[in-house]
Every structure is written in C-alpha cells, then in structure tokens.
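Engineer: Got a sequence here, can you model it:
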Amino acid sequence: MDASWVSILPPLLAIVLAIVTREVFVSLFAGIFLGWTILSGWNPLLGLTRSLDGCVGVFRDGGNTKVILFSALVGALLALTQRSGGVKGFVDLVTNRGWIKGRKSAQLMAAGMGCLIFIESSITSLITGSVSRPIFDRLKISREKLAYICDSTSAPICILIPLNAWGAYTLQLLSKEKVQDPFSVFLYGIPFNFYAISAVLLVFALILTSKDFGPMKEAERRALEEGKPHADDAQPMVSDEILQMEAVSTDKAKAINLILPVLTMIIMMPLGLFITGKGSMTAGSGSTSVFWAILAAIAVAMVMYLAQGLFSFREMTDLALKGIGGLMPLAILMVLAFAIGDVARQLKTGLYVASVAKTFLSPAFVPFVLFVVSCFIAFSTGTSWGTFAIMIPIAIPVATSADINLSLVLSAVLGGGVFGDHCSPISDTTMVASMAAASDHVDHIRTQLPYALSAASIASLLYLGCGFIL
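Structural biologist: All right, here's what the predicted structure looks like:
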C-alpha cells in the first residue's frame with residue numbers, strides 16, 4: 001500500500017495502550033492486529049490470521065531469532081551465576097573492600113560500566129544491570145533508576161563510538177549514499193550528537209546532585225523510605241524466583257563466578273564482530289556476535305562450576321532451563337516488538353512521516369527537523385537502526401543539495417533515532433534495559449521519559465542554533 005496517515009495508527013495504538021493499561025503484551029498485539037487489518041483491506045478476520053502469521057514470521061529473520069534467543073539465554077546465565085554464589089561474592093567483594101560507600105558511588109559504578117562497555121547496547125545493559133542490581137537492592141535504590149542508568153549509558157554511548165556494531169551499520173548506510181570518507185563524516189559528527197551526549201551527561205548530573213524529578217523521584221522515595229525496589233503492582237521483567245535464588249553454598253560464594261563469565265561476554269563481542277566481519281569489526285554482525293557472547297559466557301560458567309564441584313552437569317542444565325523459563329515473557333515481548341516493526345515497514349510508517357517532513361524543510365531548519373522526525377519515527381517503530389535506514393538516504397541528499405554540514409545532519413538523524421529507541425515501549429533495547437534491571441517495563445518507560453525529553457529538548461535547541469550558525 002502507499003504510505004498514508006493511517007500508517008502511524010498501529011504503533012501509536014500500541015504505545016498509548018501500553019502506557020495507559022500497563023498490559024504490554026496485549027497492547028503490542030493490538031497494534032499488530034490493527035496494522036494487518038489495515039493491510040487486509042480492513043478485514044478483521046484476515047487481519048487476525050495475518051497477525052498470527054506475522055508473529056511466527058519474525059523467526060524467518062536470522063538476526064531477529066538470535067536476539068530473541070539471546071534474551072532467553074540471559075535467564076540461564078542469571079540463574080547459574082546467582083545459584084553458584086557469583087552474585088553474592090561480587091556484592092561482598094565491592095562492599096567489604098569499601099569500593100561502594102553509598103548510593104552515589106553505587107550509581108556512579110553502574111554509569112561508569114555502561115560507558116566503558118561500549119561494544120553493543122544489549123551487552124552493555126545486561127552487564128551493568130546484572131552486576132549492579134544486587135548492590136542497588138541492598139542500598140535501597142529503585143529498579144527504575146537502575147533501568148534508566150542501563151538504558152542511558154548503552155545506546156547513547158554506543159552511537160558515539162564508530163568501532164562497534166552501531167558504527168559499522170552507520171558506515172555501511174553512508175557508503176550506500178556514496179559519501180566520500182564515511183568514517184571521517186561519522187567521526188567529525190560525534191561532537192554534534194547532542195542528544196546522546198546530553199543523555200549521558202544528564203545521568204551523571206542526576207547522580208552527583210541526587211536531584212531526581214518526575215515519577216523517578218517518587219520511585220526513589222519508595223525504595224529508600226519503604227524499602228521496595230519496585231512498586232507493589234509492578235511486573236518485573238525477570239522472575240523473582242531467579243533473583244531470590246539462594247547460593248548453593250555461602251562459604252563458596254566467589255566473585256570470580258560472576259566476573260569471569262561477564263569478562264567472557266565482553267571479550268567475545270568484539271571477537272565475534274571481527275570473525276563475522278572477516279577481519280573487519282566494522283563489517284561484523286551484531287546479532288551473531290551477541291548470540292556467540294552469551295553462549296560463550298554460559299559455557300565458561302558451566303566449566304568453572306563443574307571444576308569447583310558446585311553442580312553436576314544435570315543440575316546445571318536444570319538451572320539453565322529454569323532461568324530460560326523465567327525470561328520467557330521478555331522473549332515473547334521481543335517477538336511482538338519485531339512483529340509490530342515488520343507491520344510498520346509494510347505500512348511504510350517511517351517513509352510517510354519522512355515524506356511529510358520533507359515538505360517543511362528549509363536549510364536553516366534542516367538539522368532540527370531531521371532530529372525531530374527521527375525521534376518520532378524511532379519512537380513509533382521502536383527501532384533506531386530502522387530509523388537510520390529510512391532517514392540517512394533522505395538526509396544526505398538534502399544536506400548535499402543545500403550545502404549543509406554532512407556531519408551535523410548525520411548526527412541529528414543518529415541522535416533522533418537513539419532518542420526514540422531509547423524510550424519507546426516497543427523498543428527491544430529498552431526491553432533489555434528493563435530486563436537487566438529486573439524492572440517493570442512500563443514503570444521504566446514512565447520514569448525515564450521526562451529525562452529523555454529533557455535531553456531531547458536541549459538537543460533540539462542546539463540543532464536549531466547550529467542550523468543558523470553553520
């Protein structure tokens with residue numbers, strides 16, 4: 001079908017319903033159903049059939065399947081490290097040695113990890129959340145705050161680094177547009193990525209000043225005064241059964257049982273990019289590398305625990321399956337998120353929004369408009385990479401014809417894509433942040449949105465100014 005205004009209805013319905021009803025599964029499927037009903041000539045029965053087929057069809061894409069499997073396998077790693085005493089050992093290590101002296105230092109540790117592990121956004125969130133969550137719980141810091149830190153130091157950091165999966169993908173898109181020296185265009189655009197920079201700086205500012213606002217302020221009050229890491233009616237993305245699993249032996253609680261699997265993931269991610277890229281990290285497959293990283297971490301953990309005599313192989317298999325079962329809700333959410341993204345592409349949601357915006361472009365306003373449009377597309381479709389694929393082929397020719405700084409225009413698109421992906425309820429990276437922190441997904445979105453909007457407002461003003469100055 002031709003792109004039209006009805007194309008924005010399915011993602012809009014899913015987002016509004018998720019925030020209002022807090023029923024994310026139902027909301028996502030409602031958006032999928034509406035989208036396929038529109039594509040089926042408004043025939044609801046055919047729309048329902050195609051909706052179910054669309055959910056199954058998600059697995060035809062190897063990249064989607066690997067990300068979904070990654071999300072489920074995270075549960076296996078969580079269960080193994082929790083039961084082995086690795087989590088307890090790490091918490092004892094950092095607290096007994098005085099590395100973490102209070103709430104502020106714990107949050108700075110989490111934010112620092114998020115900034116240093118910049119290979120892939122999902123790995124960043126997972127490691128930051130897994131390592132920090134027990135410490136945050138002990139110090140009465142809300143799960144919503146941890147999810148915010150995980151989310152705001154994953155994609156915003158990854159998009160500022162060219163030598164990872166995000167940079168590789170962007171460089172490929174620039175090459176397709178015949179941009180001369182795409183690496184330099186990306187590199188010179190880093191200081192212009194105002195949203196990503198503002199989002200990261202805001203995290204540290206909030207931590208250092210202890211000045212939260214909006215729903216996050218109430219979440220922090222609840223955690224500190226009432227000792228509740230999440231709200232009473234919250235539905236954490238990870239089963240409490242896994243998080244509260246006792247160590248097999250408190251005497252054998254060793255920090256290395258958590259640290260070594262985590263280091264394995266960190267090392268395997270760039271190695272996977274190097275292998276899949278046939279010697280070039282910038283040409284590697286992010287989804288394959290993430291999948292390999294989690295499998296390698298689980299394998300290392302199992303070998304370690306067998307060598308220590310903590311479990312039999314059968315016991316570890318049962319633990320892994322139990323952990324995977326605890327993260328099935330996240331895997332299902334991933335399927336629905338990918339399915340609604342497919343519907344949006346069929347409806348040409350992004351192309352419609354971009355085509356409308358093009359009619360209002362004038363040279364001075366180009367960076368600002370491209371940023372806002374990219375924000376809206378990414379928020380509506382839940383994908384930053386999809387937004388890049390739509391907007392870069394539009395932005396580069398516009399910038400070239402109007403003689404506008406290419407690096408500035410590219411950064412406006414990249415920053416807008418990260419904003420939408422960063423706070424959209426249907427974004428897979430946002431779901432991983434909720435999972436990593438064991439937070440309620442809707443509570444994470446609700447508490448993070450005012451902060452994301454604050455960073456986006458700063459970025460918008462800066463793009464307006466740059467449009468007139470540069």
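
Engineer: and stretch 272-283, average pLDDT?
Structural biologist: Summarised as a single mean, pLDDT over stretch 272-283 is 78.

Engineer: Oops, could you answer that again for stretch 136-150 instead?
Structural biologist: Rounded mean pLDDT across stretch 136-150 is 92.

Engineer: for it, which positions count as buried?
Structural biologist: Neighbour-count burial for stretch 136-150 flags 136-137, 139-150 (criterion: 16 or more other Cβ atoms under 10 Å). From N, CA and C alone the C-beta is placed, and that goes for glycine too.

Engineer: do the same with stretch 315-325
Structural biologist: Buried residues in stretch 315-325, counted by 16+ other Cβ under 10 Å: 316, 319-320, 322-325.

Engineer: how about these in a markdown table, adding secondary structure?
Structural biologist: Converted to a markdown table, the buried residues of stretch 315-325 look like this (DSSP: H, G, I helix; E, B strand; the rest coil):
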| residue | secondary structure |
| --- | --- |
| M316 | helix |
| L319 | helix |
| A320 | helix |
| K322 | helix |
| G323 | helix |
| I324 | helix |
| G325 | helix |
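
Engineer: Going by distance to M391, which of those residues wins?
Structural biologist: Distances from M391 to the buried residues of stretch 315-325, taken as Cβ to Cβ, are shortest for I324 (36.4 Å).

Engineer: Report whether F213 is found in a strand, as I expect.
Structural biologist: No: under three-state DSSP, F213 sits outside any strand and is assigned coil.

Engineer: Return the subset of the buried residues of stretch 136-150 lying in strands.
Structural biologist: Taking DSSP state E, every one of the buried residues of stretch 136-150 sits outside strands.

Engineer: Between which two of the buried residues of stretch 315-325 is the distance greatest?
Structural biologist: The distance between the two most remote of these (Cβ to Cβ) is 14.9 Å, for M316 and G325.

Engineer: From the structure, what's the count of residues near the residue nearest to W5 when sequence neighbours are not counted?
Structural biologist: Excluding its sequence neighbours, the residue lying closest to W5 (Cβ to Cβ, 6 or more residues apart in numbering) is Y352, at 7.0 Å. Per other Cβ atoms under 10 Å, the neighbour tally for Y352 reads 19.

Engineer: what's the spacing between Y352 and N43?
Structural biologist: Applying Cβ to Cβ, to the nearest Å, the value for Y352 to N43 is 22 Å.

Engineer: ok, back up a step: return the member of the buried residues of stretch 315-325 nearest to L48.
Structural biologist: Relative to L48, the closest of those is G325; by Cβ to Cβ it sits at 28.1 Å.

Engineer: And the nearest residue to that closest one once chain neighbours are set aside, how close does it get to I324?
Structural biologist: The shortest distance from G325 to any non-neighbouring residue, by Cβ to Cβ, 6+ apart, is to G75 (7.1 Å). Distance of G75 to I324, computed by Cβ to Cβ: 5 Å.

Engineer: What's the mean pLDDT across the longest helix seen in the chain?
Structural biologist: In the chain, taking DSSP state H as the definition, the longest helix is helix 441-469. Taken as a whole, helix 441-469 carries a mean pLDDT of 92.

Engineer: Same question for stretch 84-97.
Structural biologist: Over the span of stretch 84-97, the pLDDT mean works out to 77.

Engineer: can you pull the buried residues of stretch 338-355?
Structural biologist: Residues of stretch 338-355 classed as buried by neighbour count (16+ other Cβ under 10 Å): 338-354.

Engineer: Sort out which of these are in helices and list them.
Structural biologist: Those of these lying in helices (DSSP H): 338-347, 349-354.

Engineer: Show me which of those residues is closest to A30.
Structural biologist: Nearest member of those to A30, counting by Cβ to Cβ, is I340, at 9.5 Å.

Engineer: Following element in sequence after the helix or strand harbouring M391, please.
Structural biologist: Per DSSP states H and E: M391 is located in helix 384-401. The helix or strand immediately downstream of helix 384-401 is helix 406-423, counting by DSSP H and E.

Engineer: What is the burial count for the residue lying closest to V6 once chain neighbours are set aside?
Structural biologist: Take V6 and drop its neighbours on the chain: the residue closest to it by Cβ to Cβ, 6+ apart is I38, 5.7 Å away. By other Cβ under 10 Å, 20 other residues sit near I38.

Engineer: Surely I38 touches P10?
Structural biologist: Yes: counting by Cβ atoms under 8 Å, I38 sits close enough to P10 to count as a contact (7.2 Å).

Engineer: Mind listing the shared neighbours of these two?
Structural biologist: Counting by Cβ atoms under 8 Å, 6 or more residues apart in numbering, the residues touching both I38 and P10 are L347.

Engineer: average pLDDT for the helix or strand harbouring G167?
Structural biologist: Here G167, judged by DSSP H and E, is contained in helix 165-176. Averaged over helix 165-176, pLDDT sits at 74.

Engineer: what about dumping the CA coordinates of whichever strand or helix holds G63 to CSV?
Structural biologist: Per DSSP H and E, G63 falls inside helix 62-84. The C-alpha trace of helix 62-84 is given here as CSV (Å, rounded to 0.1, in the frame of the first residue of the first chain):
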residue,chain,number,x,y,z
GLY,A,62,18.1,-14.9,11.5
GLY,A,63,19.1,-11.6,13.2
ASN,A,64,15.7,-11.5,15.0
THR,A,65,16.0,-15.1,16.1
LYS,A,66,19.4,-14.6,17.5
VAL,A,67,18.4,-11.6,19.5
ILE,A,68,15.3,-13.4,20.9
LEU,A,69,17.5,-16.4,21.8
PHE,A,70,20.0,-14.1,23.4
SER,A,71,17.2,-12.6,25.6
ALA,A,72,16.1,-16.1,26.7
LEU,A,73,19.6,-17.3,27.4
VAL,A,74,20.3,-14.4,29.6
GLY,A,75,18.0,-16.1,32.1
ALA,A,76,20.2,-19.2,32.0
LEU,A,77,23.3,-17.1,32.8
LEU,A,78,21.5,-15.2,35.6
ALA,A,79,20.3,-18.4,37.3
LEU,A,80,23.7,-20.0,37.1
THR,A,81,25.6,-17.0,38.5
GLN,A,82,23.0,-16.5,41.2
ARG,A,83,23.0,-20.1,42.3
SER,A,84,26.8,-20.5,42.1
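
Engineer: Perfect, that will be all.
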